[in-house]
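**Q** sequence and predicted model, in that order:
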Amino acid sequence: MQTFRPGQDGYPEEIAGFQTSVATQPAVVVAAESADDVVAAVKYAAEHDLTVSVQATGHGLTAGTDGLLISTRRMTSVEIDAGTATARVGAGARWGAVIEAAAKHGLAPLSGSSPDVGVVGYTLSGGFGLMSRRFGRAADHVRSIDVVTADGELRTVTPGSELFWALRGGRAGFGVVTALEFGLVPVTELYGGGLFFDTADLPAVLRAWRTWSMTAPDELTTSIALVALPDLPMLPEEIRGKHVANVRVAYLGEDGDELVAPLRAAAPALVDTLRRLPYTESGSIASDPPHPHPYHGTNATVTALNDGMLTSILEHAGPGAPVSTVLIIDRLGGELARRPVDAPGWDSAAEFVVRALSVVEDGVDPIRRAHAKLFDALAPWSTGRLLPFLYGEHPAADLTGTFAAEDRARLVRLKAKYDPDSIFPAG
């Protein structure tokens, strides 16, 4: 087990995460390679009155990491049990490794849009992925969790345990997860990709997607992104440097071309990448940027998308918006509308989630102001927020609007029980 302190060689690299807009300065970093290392680190923190934060890939990095940081990036084990369709992974495993390992057995995990994201952080936040409308959240399929609690004990928690309930979608603040075991699904390929439409067609495409998605089968998970694409040679010439609407599709049925026909008829597509593809290529659907960068984002779940809301979205996140923002609208419903069993859940009445993600250039205050204007306009129809899509804020504020009142109260009670001294500040 290695440790790093400010000023030592390797320290900057060890604290670096995918999210680069958040400054962190932990007093000590423990580069954990095993659950025993995590136990030792938590006990050391308790003895020296240090708070404990955890980082694998740093996609969800938040402010406040100034005590002891446990880096789990070396704990990358992935084991597949084909007979029980189960994966067991270490705290630092990324979805790409699980996808590849599961595919060898004709299986797939409930991963998200990017294969570079860490499995544990994604799952503890709920896990909203490419097959969510058919199979629900990644957290709903967890079968056991190995976690080191504030007393320095390594526990294995399973369904029926109150700690298991809290960890499956309640995010962090209850301990350091060292391993997860979760179910896989028998998926080897899907119909997926995207349709890219020109700026002039944004209003028509938004309305067409809204109508189309409301009658979508559960086998379809879809979103639409309004994004200003950079003028870079790796992008197709037709969309390079343009502000576009990108309709994203992940469909488990066999009649994909028939299903998307209304979208193709809505406006001429600049680029059409829809095809049948192996699940190992599912990361190409959203093509999330692979390189670390500074970003800040929030979201709101809504009960509907009326024309006034779409107008506000175009005004605050379309071409000419004051802050360059990727605006993504996801269709909820399907399995997501069914309250999860034995886990904190979000408002099942929500039909869509609107999320804004902006690159930080001149601090986060201009972004917060721009996002506030958008979400204030959507407030009359909003039912709350989704935990997986809160970026850059301290997680202590993340419970606001993210859970039903009874779930939020239970999470607070369990936090006080399992971490009475708040050694894990991310509660």
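**A** Arrived safely.
**Q** can you confirm A245 is in a strand?
**A** Yes - assessed with DSSP: H, G, I helix; E, B strand; the rest coil, A245 lies in a strand.
**Q** neighbours around L226, how many?
**A** Using other C-beta atoms under 10 Å as the criterion, L226 is surrounded by 25 other residues. The C-beta positions use only the backbone N, C-alpha and C, and glycine is treated the same way.
**Q** can you give me the neighbour number for L357?
**A** 21.
**Q** any idea how far E14 is from V42?
**A** As judged by C-beta to C-beta, to the nearest Å, V42 and E14 stand 18 Å apart.
**Q** check Y44 too.
**A** 16 Å.
**Q** for Q19, give me the pLDDT.
**A** Looking at Q19, its pLDDT stands at 73.
**Q** hang on, it packs against P294?
**A** Yes - contact criterion C-beta atoms under 8 Å: Q19 and P294 qualify, at 7.2 Å.
**Q** who has more neighbours out of the two?
**A** Legend: neighbour count by other C-beta under 10 Å for Q19 and P294, higher for Q19 (22 against 15).
**Q** what is that one paired to in the beta sheet?
**A** H293 (DSSP bridges).
**Q** for the residue of the chain most remote from its centre, give me its contacts.
**A** Here the chain reaches farthest from its C-alpha mean at E47, the gap being 33.5 Å by C-alpha atoms, centre = their mean. Listed by C-beta atoms under 8 Å, 6 or more residues apart in numbering, E47 has no contact partners.
**Q** from R155, how far off is it?
**A** 20 Å.
**Q** do the same with E181
**A** Distance from E181 to R155, by C-beta to C-beta: 14 Å.
**Q** okay, these two: which has more neighbours?
**A** E181 (19 against 15).
**Q** from V227, how far out is R275?
**A** Distance, R275 to V227, using C-beta to C-beta: 21 Å.
**Q** now do E13
**A** Taken as C-beta to C-beta, the span from E13 to V227 is 31 Å.
**Q** wait, G112 sits on S125?
**A** No - counting by C-beta under 8 Å, G112 does not reach S125; the two are 10.0 Å apart.
**Q** so what sits against both of these two?
**A** P388.
**Q** all strands of the stretch 51-200 of the chain, in order?
**A** 52-55, 68-71, 78-81, 86-90, 142-148, 154-157, 176-183, 189-197 (DSSP state E, counting those that start in this stretch).
**Q** right, so of the ones you listed, which gets closest to L206?
**A** Closest of these to L206 is strand 189-197, at 9.4 Å (criterion: C-beta to C-beta).
**Q** burial measure for the residue lying closest to G152 once chain neighbours are set aside, as a count.
**A** Nearest non-adjacent residue to G152, counting by C-beta to C-beta, 6 or more residues apart in numbering: K43, 4.1 Å away. A count of nearby residues for K43, using other C-beta under 10 Å, gives 14.
**Q** so where do the helices sit in the stretch 251-400 of the chain?
**A** 256-259, 261-266, 307-317, 365-378 (DSSP state H, counting those that start in this stretch).
**Q** now do the buried residues in the first one.
**A** Right, helix 256-259. Buried residues in helix 256-259, counting neighbours by 16 or more other C-beta atoms under 10 Å, are found at G256, L259.
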